[in-house]
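Novice: Below is the sequence, then the predicted model.
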Amino acid sequence: MSSDAAQLTAQRTELLRYVGRQVRDSVLSEDIVQEAYLRLLTFEAKPDSAVSSVPALLRRISLNLIRDHFRRAARVPVVELADTAVCPMPTADQQLERRQLIEIVANILKTMPGLRREIFIRRRVHGQSAAEVGEALGVSPSAVSNHVARAILDLDAAIERLEKRGGPVRD
């Protein structure tokens, strides 16, 4: 190897300053200098390669790396992520609370009279109209509305009782 370690180390500080003036980012400067040294050492490892001026070659390699960096940055904009980025997905606690609430509602529905439960599920879960539910179950649309209202009152009363006991239901 034509360039020794002491010479490379002495040139590193100057090269860091040079690259730092170009990119104005200390982390990027360090990355570019390391890549420049790697490329220099790779070039020197090839047979029949002679470097007349190591500092000049390092500057040229660094300049090319800087240009490549800015070309890539112009094509693909970099978006910095904040440490406090908000995730749209619910947290594990929220998922657990929702599962508990679904289980509570399912248990309350099991205690309702069969016709009321069937009407409520068809209207609120499956989204059928009052006329469709009434026709399918042989009741009038006003009876369907009354059953849905009673089911909602049953659910509300049961959830209120759970909240008074300090259950897992929250606003």
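Specialist: Happy to help now that I have it.
Novice: Let me know the secondary structure of the most centrally placed residue in the chain.
Specialist: With distances taken as C-alpha atoms, centre = their mean, Cys87 lies nearest the centre of the chain, 5.7 Å away. Following DSSP: H, G, I helix; E, B strand; the rest coil, Cys87 is assigned to coil.
Novice: before we move on, what about the one 3 residues further on?
Specialist: Pro90 falls in the coil class when you classify it by three-state DSSP.
Novice: can you give me how far the longest helix along the chain is from the chain middle?
Specialist: Longest helix in the chain by number of residues (criterion: DSSP state H): helix 141-164. Centroid separation for helix 141-164 versus its chain: 38 Å, with C-alpha atoms, centre = their mean, to the nearest Å.
Novice: Contacts for it next, please.
Specialist: By C-beta atoms under 8 Å, 6 or more residues apart in numbering, the residues outside helix 141-164 that reach it are 104-105, 108-109, 112, 115-117, 119-120, 123-124, 130-131, 133-134, 137, 139, 168-170. Yep, even glycine has a C-beta here, placed from its N, CA and C like the rest.
Novice: Sitting in helices, which of the residues you listed do you find?
Specialist: 104-105, 108-109, 115-117, 119-120, 130-131, 133-134, 137.
Novice: got the residues you listed as JSON lines, with neighbour count columns?
Specialist: Listed next are these as JSON lines, based on neighbours: other C-beta atoms under 10 Å:
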{"residue": "Ile104", "neighbour count": "17"}
{"residue": "Val105", "neighbour count": "14"}
{"residue": "Ile108", "neighbour count": "18"}
{"residue": "Leu109", "neighbour count": "18"}
{"residue": "Leu115", "neighbour count": "14"}
{"residue": "Arg116", "neighbour count": "17"}
{"residue": "Arg117", "neighbour count": "17"}
{"residue": "Ile119", "neighbour count": "27"}
{"residue": "Phe120", "neighbour count": "22"}
{"residue": "Ala130", "neighbour count": "19"}
{"residue": "Ala131", "neighbour count": "11"}
{"residue": "Val133", "neighbour count": "23"}
{"residue": "Gly134", "neighbour count": "20"}
{"residue": "Leu137", "neighbour count": "14"}
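Novice: pretty sure Ser29 is touching Arg12, no?
Specialist: No. Using C-beta atoms under 8 Å, Ser29 is not in contact with Arg12; the gap is 11.0 Å.
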